[in-house]
Every structure is written in C-alpha cells, then in structure tokens.
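> Quick one, what's the 3D model for this:
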Amino acid sequence: MTTPAPADLERGSGASWMDLWDRAPCGLVVLNDDGTIVAANTTLTDMLDIAGADLPGRSVEAMLTIPARIFYQTHFFPLVKLHGHAEEIFLTLRTRSGSGVPVLANAVWRDRDGGGQIHCAFMRIREREKYEEELLRTKKAAELASASKSRFLSMMSHDLRTPLGAISGYADLLALGVRGEVTEEQQADLARIKRASKSLLGMLDDLLTVAREQSAQLPMRLEVLSVRTELIEAESIVTPRFIEAGVGYRRDESAPDLTVRADRDRLQRILLNLLTNAVKFTPRGGRVSVGCSAVADRVLIHVTDTGRGIPAEMLGRIFQPFVQVDADDATNQKGMGLGLAIGRELARAMGGDLAVESAVGRGSIFTISLPAAAAR
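Predicted coordinates:
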C-alpha cells in the first residue's frame, strides 16, 4: 500500500487527488509513530460516525476497542515497525456510540523527517464478504454457462448424427446398385459423399468428446495393451494417407514390446490424430517415424515428423480447443483444432499426458506418456 499523506496530496496533485483520498472504498488513516492521528479520510470517519475534524490530533486508541488497543500496542505497531508493513490483520474499530466495526487492516511504514508514519487502510469485513459473495456468484454463473454449453454440444452432436448416418447409409445402398446400375463417375461421387459424411461424423465425435470432458463424463475402460499392437493397428488405417501424400513412414522395429494400462479406443484416437496431423503437415518427400521407450513407471510413445514445425509462441496454445497453428490451417487444412486438445485430455484421463517439442523448420516430436503395465 502506498497511500499518500494529505500533505503530499495538497502539495502535488490538487483537488482530484484529495477526492480519491476521501472517496476510497476503504477507511484510510495516517498515524505518527507515537500513535497520533494525522489525517483520516471521509470513508473512515463515516464508518466510525465521527466528524472529520474530531480525529486528527487524537490517539489511535480513540478509534479502537479495548482488546484492539492491546493488540495494536503488543502486535500491530511492533510488526509494522519491524517489517515495514502488515497485511490482513483483524482489528475491531470503535464507533462514536461504542459499537464495534470488524475490519481487516493493511499498513506500511513510511520514514519522515524526524520520525516515521504508519499509513493504514481498513476494509470492513462486511464489504469483503460482499466482494467474496459476488465472486462466488460470478463463478457459479460461469459454471452454469459452461454446463449449458456442454449440454448444447452434446445434444447437437447426437441430433446431427442420425441424419448424417442416414446420408452415409443411402450412399452405401446406391453404391451397391439397389436403384440401378452405377457408373464409375457416380461411384466417385458417392465415395466423396461417404468421405464428407465421415469427416462430419468425426467432427461431431470431437464436439461430443469436448462436451463430456468439460462435464467430467469421459468413461475409461483401462486394460493392459501392447504398444506395438496398437501402433500396427493405427498404421493400417493411416498408411493410405502416407502413400497418397508421398510421405515416408517408419516404425522402430527394434523397440521392445512395451505394455501400458490404457483405454484401447482412447489410445487409438490419440495415435490416429497424431499420425494424421504428422502426414498433414509434412511436405511430400518428408518422413514420419514412431518409437517408444520406458522411463521409470511410464511408457513414452514418440511421433516424430520432418514437417514445418510449430512457432515457439504457439507451443503453449496448441492444446487448447479450437486453436490451430496459424491462419493457413483454418483455410488449407481440414479440422476444427480439437484433435490435440482432446488428445491431451484423453491421455490425462488415463493417468498420462501428451506433450510436444518443436521448432520452425525442424519438425515436431509429440510424446504420449502412459502408465506402464507388466512387461510381456
């Protein structure tokens, strides 16, 4: 606290600063080192129901209850003089009628010519409670808004899955020729419809996962899994993308067959997202490699690419929902920026984590950390 003394206010700043002194939301008082009141603001005199001119020149004990006087002499004043300050000290002030006003006191010591002064601020406990109640109300309102948003995302995801599933199903029926012979061009169109509906279903799954995560409704079925088996399964799904993109892929065959305790579906989702991102952001002719290692009671799965890398200022943000590395991602790459956010939450829900090391022009290394299980 650096409450200026009235003399400072008058010398330097004029009426506007005096207004600030008098209208401060807490009681302010300046004391000489012998406890004599030098000045008090209007907030304090109103709090004590005392005329402003009645306080200066009197002892501070005039505005303290008897127990508070003893505490001031034995604790408060020595504490301020020894350390130069005191924070959040409970005192009871005494009004003109003799009733008590509980306050929290903050004070600083200021050296003056020929001595020193104590500058004090008194906040009524009632006012503090009011502010705390307002904070609690604000927090509760934010939680309710978050819960409403999660319910909306969940309902929207469920409601949209049915028509999207129907679109995909009808595309399958048409491709089988149930409505007549299908030409190659029509097959290609139907395949595009299938891919588009599958992409939309994936986005809905992401939204539903976010809604469940925010409402702490992510069910986990933990079991002992072979990392090698899970990697091979994920590879079988994304290999066509690597071939199409002209990006090389290598899994470290020399790595031991480590085991983890994890949810199979959740782990597959993380792996598929990391591998898909790797091929998406690695240029033709680049490479993606996967390996694993054991550190203490953790198993680390590394996905390394030779892509463009991530700017340092983005490393702390890429795991936030709807955040993409730069504006080009939103226009040139499909997705909503949910994959990494969901991946980290899933990993943490399984007792692990998802982290990244990256530099622009040097590629990225994403590391999944999971609890180790007994070795095979």
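
> Now do stretch 125-141: everything it contacts.
Stretch 125-141 is contacted by residues 25-26, 102-104 when judged by CB atoms under 8 Å, 6 or more residues apart in numbering. Using the backbone N, CA and C atoms, a C-beta is placed for each residue, glycine as well.

> one more time with 10 Å
Judged by CB atoms under 10 Å, 6 or more residues apart in numbering, the contacts made with stretch 125-141 from elsewhere in the structure are 25-26, 47, 88, 90, 92, 101-104, 123-124.

> As CSV, these with distance to Pro311 and pLDDT would be great.
Putting the contacts of stretch 125-141 into CSV (distance: CB to CB, whole Å; pLDDT from 0 to 100) gives the following:
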residue, distance to Pro311, pLDDT
Pro25, 44, 86
Cys26, 45, 90
Met47, 54, 90
Glu88, 42, 89
Phe90, 50, 89
Thr92, 56, 91
Val101, 55, 90
Pro102, 53, 90
Val103, 50, 92
Leu104, 45, 91
Met123, 45, 90
Arg124, 49, 88
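
> Just the strands from the stretch 151-300 of the chain, written as ranges.
The residue ranges that make up the strands of the stretch 151-300 of the chain, judged by DSSP state E, counting those that start in this stretch, are 222-226, 248-251, 259-263, 287-295, 298-305.

> Would you list the buried entries among the contacts of stretch 125-141?
If you count burial by 16 or more other CB atoms under 10 Å, the buried members of those come out as 26, 47, 92, 101, 103-104, 123-124.

> give me the low-pLDDT residue ranges for the stretch 101-250 of the chain?
Counting by pLDDT under 70, the ranges of the stretch 101-250 of the chain that qualify are 113-114, 127-129, 154, 158, 199, 203, 206, 209-218.

> Swap in 90 and give it another go.
The stretch 101-250 of the chain contains residues with pLDDT under 90 at 110-116, 124-173, 175-180, 182, 187-221, 236-241.

> which residues touch Asp172?
Counting by CB under 10 Å, 6+ apart, Asp172 makes contact with 178, 190, 193-194.

> What about those residues, which one has the most neighbours?
Highest neighbour count within the contacts of Asp172: Leu190, with 18 neighbours (other CB atoms under 10 Å).

> can I assume it is in contact with Gly169?
No: using CB atoms under 10 Å, Leu190 makes no contact with Gly169, being 11.7 Å away.

> Where helices are concerned, which of the buried ones among the contacts of stretch 125-141 count?
Mapping the buried ones among the contacts of stretch 125-141 onto helices (DSSP state H) picks out Met47.

> Just send the buried ones among the contacts of stretch 125-141 back as a markdown table, with distance to Val299 too.
As requested, the buried ones among the contacts of stretch 125-141 are exported to a markdown table (distance: CB to CB, whole Å):
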| residue | distance to Val299 |
| --- | --- |
| Cys26 | 56 |
| Met47 | 63 |
| Thr92 | 60 |
| Val101 | 61 |
| Val103 | 56 |
| Leu104 | 51 |
| Met123 | 53 |
| Arg124 | 56 |
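
> between the buried ones among the contacts of stretch 125-141, which is nearest Ala255?
Leu104 (59.8 Å; CB to CB).

> partners of that closest one in the sheet?
When bridges are called by DSSP bridges, Leu104 pairs up with Phe90, Met123.

> Confirm for me that it is in contact with Phe90.
Yes: because the distance of 6.2 Å satisfies CB under 10 Å, Leu104 is recorded as touching Phe90.

> could you pull out the helices for the stretch 201-350 of the chain?
Listed in chain order, the helices found in the stretch 201-350 of the chain under DSSP state H, counting those that start in this stretch are 227-245, 264-280, 327-332, 339-349.

> do you know which of those helices lies nearest Gly309?
Gly309 sits nearest to helix 264-280 of all those, at 12.0 Å, using CB to CB.

> And that closest one, what's buried?
With burial defined by 16+ other CB under 10 Å, the residues of helix 264-280 counted as buried are 266-280.

> Equivalent analysis for stretch 347-364, please.
Residues of stretch 347-364 classed as buried under the neighbour-count rule (16+ other CB under 10 Å) are 347, 349-350, 352, 354, 356, 358, 363-364.

> Among these, which one lies nearest to Phe152?
The shortest separation between Phe152 and any of the buried residues of stretch 347-364 is 22.2 Å, and it belongs to Ala349 (by CB to CB).

> what is the mean pLDDT for stretch 303-320?
Confidence over stretch 303-320, taken as the mean pLDDT, stands at 90.

> what about that stretch, how long is it end to end?
By CA to CA, to the nearest Å, the extent of stretch 303-320 from end to end equals 20 Å.

> list the contacts for Val288?
Applying CB under 10 Å, 6+ apart, the residues contacting Val288 are 238, 242, 245, 247-251, 274-275, 277-279, 281-282, 303-307, 363.

> Let me know the distance separating the residue nearest the centre of the chain from Met350.
Residue closest to the mean C-alpha point of the chain, counted by CA atoms, centre = their mean, is Gln320 at 8.5 Å. With the distance defined as CB to CB, to the nearest Å, Gln320 ends up 20 Å from Met350.

> now swap in Ala196 and tell me
In this view, Ala196 and Met350 are 31 Å apart by CB to CB.

> try Thr367
With distances taken as CB to CB, Thr367 is found 14 Å from Met350.

> ok so Val30 is a strand residue?
Yes: according to DSSP: H, G, I helix; E, B strand; the rest coil, Val30 belongs to a strand.

> Is there a neighbour count for it? I'd like the number.
Using other CB under 10 Å as the criterion, the residues surrounding Val30 number 22.

> The one 5 residues further on now?
Using other CB under 10 Å, the number of residues around Gly35 comes to 17.

> Thanks a lot, catch you later.
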